[in-house]
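Trainee: Need the 3D shape of this:
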Amino acid sequence: MVNFAPKWIGTANAKILLKILSTGDTLQYELKGISTPPLASKHFSMNCKTKKVSSLTIPINNPYEDKEVKYRVETDIPHFFGEETITLEAGQKAIYKFSVNP
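Mentor: Numbers count the residues shown, from 1 in each chain. Predicted coordinates for the structure are as follows:
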């Protein structure tokens, strides 16, 4: 079994050589792994009224049990207010709260 565990998005190339000891023959395999961005795990919607602040909380977690994770928040929502980064210790869960004022 071959496992592909990329650290980031992109393409990785590798080779595997298997030598048959009894015959001296070698089998060569070329491997190509492609890592794509993760899919959203959930979708959220908000109903907002003009000139009224609306807030939403989103549960987030650190899927790693052995290291902290730092998330950077990016959005194209106008009049968005919330922390730009969230840091979670290993295995930690948190609630991310943000507001919009359309």
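Trainee: So which residues of the chain form strands?
Mentor: Here the chain has its strands, by DSSP state E, at 10-19, 26-35, 54-61, 69-72, 80-81, 85-88, 93-100.
Trainee: Tabulate the ones you listed (CSV), appending mean neighbour count and mean pLDDT.
Mentor: Placement of C-beta: from N, CA and C, glycine included. What follows is the strands of the chain, written out as CSV (neighbours: other CB atoms under 10 Å; pLDDT from 0 to 100):
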stretch, mean neighbour count, mean pLDDT
strand 10-19, 10, 93
strand 26-35, 10, 94
strand 54-61, 12, 94
strand 69-72, 12, 94
strand 80-81, 12, 94
strand 85-88, 13, 96
strand 93-100, 14, 96
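Trainee: With distance to Phe44 as extra columns, can I get those strands in TSV?
Mentor: Converted to TSV, the strands of the chain look like this (distance: least, CB to CB, whole Å):
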stretch	distance to Phe44
strand 10-19	29
strand 26-35	26
strand 54-61	6
strand 69-72	15
strand 80-81	13
strand 85-88	16
strand 93-100	10
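Trainee: what's the spacing between the nearest residue to Leu18 once chain neighbours are set aside and Asn3?
Mentor: With sequence-adjacent residues excluded and distances taken as CB to CB, 6 or more residues apart in numbering, Leu18 is closest to Leu27, at 4.4 Å. Applying CB to CB, to the nearest Å, the value for Leu27 to Asn3 is 19 Å.
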